[in-house]
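[1] generate coordinates for the sequence data below:
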Amino acid sequence: MAQPWKTVDSVSTAQGTLELRQRGARDFLITVGGLVLMTSSAYRSEVALGRLACGHLKDQASPRVLVGGLGMGYTLRAVLDFLPATGRVVVAELNPVVLEWCRGPLADLTGCAAADPRVTVEIADVADLIRRSAAAAAEGFDAVVLDLYKGPDAHSHKRDDPLYGSRAIESTRAALRPGGVFAVWGENYDAGFDKRLRAAGFSVNSERPGRGGLRHVVYVAKLHAPRS
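    Coordinates of the predicted model:
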């Protein structure tokens with residue numbers, strides 16, 4: 001018989017009450033407004049997202065990565081696993097309590113990824129960080145990785161969506177170094193988002209990690225590196 005869920009912590013947000021719940025030593029879930037955002041038992045798409053975004057950076061001298069959304073830290077853990085000791089990761093997270101959870105009760109799930117010395121967590125909107133970086137292209141990123149609870153879908157505004165619209169995609173392009181990768185988690189495939197990425201000059205692939213069960217989509221959009 002399954003153990004009942006117990007509330008570890010909760011905080012009010014604009015989207016409703018954000019809660020961390022636990023049953024057993026390593027069984028957690030995060031909910032907002034009563035809806036399940038993520039669980040500690042289903043994270044294969046997060047691992048794939050980190051691998052697909054950063055697998056090519058292992059031998060790069062000083063790669064810089066921006067991660068939008070901390071969650072339980074699985075995407076961050078996967079990103080770190082593909083970076084050298086000289087790599088740097090900036091994580092944008094809206095809710096400071098999520099950072100507290102990842103450095104506290106959730107830390108063992110990811111080997112304390114949020115406390116890794118290569119990581120800087122900013123309590124900020126990732127869209128704002130992308131725009132700031134686009135305005136200072138010399139500090140560009142080798143990968144921008146978005147793992148947010150709402151991915152691109154058919155309702156995303158084609159031009160003005162702050163993350164997935166054509167204007168936001170242009171900002172992300174400007175924030176990337178030559179050869180950079182823009183990797184995005186989505187609940188389902190959205191042809192419109194794919195089309196906007198291609199129109200901005202990215203080459204695009206999408207994958208549905210795993211076999212069977214609920215399979216989310218990972219978009220991998222790449223900029224061509226200039227020929228030497």
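[2] need the three-state assignment for T17.
    strand (DSSP: H, G, I helix; E, B strand; the rest coil).
[3] nearest spatial neighbour of it, chain-adjacent residues omitted?
    With sequence-adjacent residues excluded and distances taken as Cβ to Cβ, 6 or more residues apart in numbering, T17 is closest to S10, at 5.4 Å. From N, CA and C alone the C-beta is placed, and that goes for glycine too.
[4] please apply the same query to V97.
    Nearest residue to V97, sequence neighbours excluded (Cβ to Cβ, 6+ apart): V11, at 4.8 Å.
[5] what is the neighbour count of that neighbour?
    V11: 14 surrounding residues under other Cβ atoms under 10 Å.
[6] also E207?
    E207 - counted by other Cβ under 10 Å - has 15 other residues nearby.
[7] for it, give me its contacts.
    Residues near E207 by Cβ atoms under 8 Å, 6 or more residues apart in numbering: A48, L52, V217, V218, V220.
[8] give me the helices and strands touching the helix or strand harbouring the first one, please.
    Same thing as A48. A48 is part of helix 44-54, with elements assigned from DSSP states H and E. Applying 3 or more Cβ pairs under 8 Å, 6 or more residues apart in numbering; DSSP states H and E, one finds that helix 44-54 contacts helix 74-81, strand 141-146, strand 176-186, strand 217-222.
[9] which neighbours in the sheet does the last one have, and how are they oriented?
    I take that to be strand 217-222. Applying DSSP bridges to the sheet, strand 217-222 is found paired with strand 176-186 (antiparallel), strand 203-207 (antiparallel).
[10] next one: it to chain centre, how far?
    With Cα atoms, centre = their mean, to the nearest Å as the basis, strand 217-222 stands 12 Å off its chain's centre.
[11] again, but for the first one
    Here the centre of mass of C-alpha atoms in helix 74-81, compared against the chain's by Cα atoms, centre = their mean, lies 10 Å away.
[12] which outside residues touch that helix?
    With contacts defined as Cβ under 8 Å, 6+ apart, helix 74-81 is touched by 43, 46-51, 53-54, 65, 67, 69-70, 87, 89, 91, 109-111, 113-114, 116, 118-119, 143, 145, 147, 185.
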